[in-house]
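> mind folding the following:
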Amino acid sequence: MTPDELAAEFEEHDVDYYMEEMLDAVPDNIDKREGSVIYDAIAPAALVMAQENQRMAMIIKETYVRTAEGEFLDYRAQERGTNRYPATQTEVKAKITDSDGNAINNVEIGDQFASVGETPIFYTVTQIYDDLTVAMTADDPGTTPNGYLGQILPVTPNDELSWAEITEIIAPARDEETDDHLRARLLGSDDWIAYGGNVADYLAMTSKITEVGATQVYPVWNGAGTVKLVILNNDLMPANQDLITKVKSLIDPTDGEVQGYGLAPIDHQVTITAPTAFTVDIATNIQIDSQHSVDVVKQQINDQLSEYFKNLRASWNLIDPKTGRGYAMMIYRSKILSQIMQIEGVMNATIPSLNCADSDIKLVFDNDTSQLPILGTVTLNE
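You can find the predicted model right below:
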């Protein structure tokens with residue numbers, strides 16, 4: 001009997017099960033109908049036993065990584081020497097000017113600002129650059145601030161300030177690691193042992209850098225002792241130069257000297273880079289039924305395809321299952337067609353073309369190039 005079967009057996013032993021078992025043990029010459037003395041006497045006991053069985057089923061499920069959830073899964077992670085990845089905080093760049101549009105110089109580290117809207121996002125200044133633009137960190141962790149660009153209002157009083165706005169997301173945040181992601185990480189941890197600068201070791205290094213969302217590792221990419229790390233931010237988009245510089249400083253801060261001052265082994269020379277954005281334009285002919293708005297359906301198709309490409313990027317760093325090493329990804333026209341046909345109101349659609357070609361796309365992953373799929377223009381002809 002497997003743990004799943006044992007848990008299912010406990011769950012099947014509900015109130016009705018125990019009522020039936022106990023009533024069967026009562027002689028037939030005694031009134032056992034609902035509302036009778038004997039029925040009312042054993043009903044509370046049946047309820048308590050059923051509740052205990054539900055607890056037993058829960059204990060069995062929470063005992064194993066495969067079925068544990070929430071804090072129980074956190075405990076299992078700690079037994080494996082790791083923890084659930086916490087939510088991180090969005091880092092942004094902002095410009096703050098006076099009434100003439102000139103940058104002001106009296107903003108200090110620790111000053112606070114807030115976004116405009118019904119639910120403001122609060123930020124704290126963490127760095128002031130030479131050009132008097134500032135870096136700020138969102139006070140609350142999570143991905144909500146990742147999408148905000150535009151005007152911010154001062155919380156800390158500043159008489160010289162006339163205008164302030166966020167101009168760039170330096171490092172997007174990530175939400176707290178989900179149960180499914182943590183479970184997959186724990187169950188897969190025995191497949192690769194992180195040791196001495198192997199692929200698993202570099203993946204472990206970058207996973208601990210909160211701004212890094214995913215990593216591909218290319219060992220010996222430019223000769224013995226060389227390693228290339230291709231990284232994404234938490235939005236699963238190519239890392240910007242600030243993030244590349246930060247990861248480089250942590251992994252291998254001394255270019256070409258292989259002195260072991262970073263996390264990399266002494267004899268490794270590590271290159272940090274971002275992938276090449278590979279834009280995929282999609283064109284297809286569709287038929288929409290008359291009961292649905294054409295504009296609404298087209299927008300839903302765009303949203304569906306955007307989510308599909310985001311899911312592709314989420315698997316961008318998975319090892320090629322066919323070879324057990326390296327990376328591979330195909331963009332199939334049939335799967336894109338399937339995404340389109342899922343939208344309510346779409347009666348029919350032709351197999352789409354990708355980048356003006358009637359063929360699937362195989363992304364390039366080699367020592368020179370790592371492509372990241374990005375949805376381009378979606379053309380929907382009626």
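
> wait, Phe365 touches Met330, no?
No - using Cβ atoms under 8 Å, Phe365 is not in contact with Met330; the gap is 11.4 Å. Every C-beta, even on glycine, is put in place using the N, C-alpha and C of the backbone.

> so between those two, which is more surrounded?
Under the criterion of other Cβ atoms under 10 Å, the comparison of Phe365 against Met330 puts Phe365 first, with 19 against 10.

> give the contact list for the more buried one.
216, 326-329, 371 (Cβ atoms under 8 Å, 6 or more residues apart in numbering).

> quick one: it from Leu318, how far?
Here Phe365 is placed at a distance of 11 Å from Leu318 (Cβ to Cβ, to the nearest Å).

> which residues do these two both contact?
Tyr327.

> how is the protein carved up into domains?
3-63, 91-171, 192-273, 276-381 (automatic domain parsing).

> please work out which of those is packed deepest.
Highest mean neighbour count of the domains of the chain: domain 192-273, a mean of 17 (counted as mean count of other Cβ atoms under 10 Å).

> any idea how far that one is from the middle of the chain?
20 Å (Cα atoms, centre = their mean, to the nearest Å).

> do the same with stretch 12-25
45 Å.

> hey, C-alpha coordinates of that stretch in PDB?
Extracted in PDB, the C-alpha atoms of stretch 12-25 (Å, rounded to 0.1, in the frame of the first residue of the first chain):
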ATOM      1  CA  GLU A  12     -13.000   7.100   3.000                       C
ATOM      2  CA  HIS A  13     -13.700   6.300   6.700                       C
ATOM      3  CA  ASP A  14     -16.100   9.200   7.200                       C
ATOM      4  CA  VAL A  15     -19.100   9.700   9.500                       C
ATOM      5  CA  ASP A  16     -21.400   7.500   7.400                       C
ATOM      6  CA  TYR A  17     -18.800   4.700   7.400                       C
ATOM      7  CA  TYR A  18     -18.500   4.600  11.200                       C
ATOM      8  CA  MET A  19     -22.300   4.900  11.600                       C
ATOM      9  CA  GLU A  20     -22.800   2.000   9.400                       C
ATOM     10  CA  GLU A  21     -20.100  -0.100  11.100                       C
ATOM     11  CA  MET A  22     -21.500   0.500  14.600                       C
ATOM     12  CA  LEU A  23     -25.100   0.200  13.700                       C
ATOM     13  CA  ASP A  24     -24.300  -3.200  12.100                       C
ATOM     14  CA  ALA A  25     -23.000  -4.300  15.500                       C
END
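
> quick one: average pLDDT of that stretch?
Per-residue pLDDT over stretch 12-25 has a mean of 89.

> same deal with stretch 345-363?
Mean predicted confidence for stretch 345-363 is 94.

> what do you get for stretch 180-191?
76.

> and stretch 250-269, by the same measure?
79.

> for Arg248, list the residues it contacts.
You called it Arg, but residue 248 is Lys. 270, 272.

> quick check, it in a strand?
No - counting by DSSP: H, G, I helix; E, B strand; the rest coil, Lys248 is located in no strand; its state is helix.

> quick one: it and Arg183, what's the gap?
Lys248 is 32 Å from Arg183, by Cβ to Cβ.

> ok, now Pro3?
15 Å.

> about what we covered before: quick one: closest of the domains of the chain to Thr82.
domain 192-273 (9.2 Å; Cβ to Cβ).

> show me what secondary structure element comes after the longest helix along the chain.
Among the segments of the chain that qualify as a helix by DSSP state H, the longest is helix 37-63. Using DSSP states H and E, the next helix or strand after helix 37-63 towards the C-terminus is helix 70-79.

> residue contacts, the nearest residue to Leu243 once chain neighbours are set aside?
Nearest-residue entry for Leu243: Glu211, 5.4 Å, with adjacent residues in sequence omitted and distances by Cβ to Cβ, 6 or more residues apart in numbering. By Cβ under 8 Å, 6+ apart, Glu211 lies in contact with 88, 91, 171-172, 233-234, 243, 246.

> Gly110: which of those residues is nearest?
Glu91 (15.4 Å).

> please report phi then psi for that closest one.
Per-residue torsions, Glu91: phi -110, psi 130 (degrees, to the nearest 10).

> ok, it - contacts?
126, 135-138, 169-171, 211.

> ok, so of those, who is nearest Gln269?
The closest of the contacts of Glu91 to Gln269 turns out to be Glu211 (Cβ to Cβ; 22.6 Å).

> Glu9 versus that closest one, what's the distance?
47 Å.

> re the thing from before, quick one: the longest helix of the chain to helix 70-79, angle?
Relative orientation of helix 37-63 versus helix 70-79 (axes from the mean of the first three to the mean of the last three Cα atoms, to 10 degrees): 40 degrees.

> how far out from the middle of the chain is helix 37-63?
The answer for helix 37-63 is 39 Å, by Cα atoms, centre = their mean.

> what does stretch 122-133 give?
Centre-to-centre, stretch 122-133 and its host chain are 28 Å apart (Cα atoms, centre = their mean).

> what is the end-to-end distance of that stretch?
This stretch, stretch 122-133, spans 18 Å end to end (Cα to Cα, to the nearest Å).

> next, the residues that contact it from outside, please.
Stretch 122-133 is contacted from outside by 91-96, 103-105, 107-115, 134-140, 145, 152, 155, 166-167, using Cβ under 8 Å, 6+ apart.

> recalculate using a threshold of 6 Å.
93, 95, 103, 105, 109, 111-114, 134-139 (Cβ atoms under 6 Å, 6 or more residues apart in numbering).

> what is the mean pLDDT for it?
Mean predicted lDDT for stretch 122-133 stands at 94.
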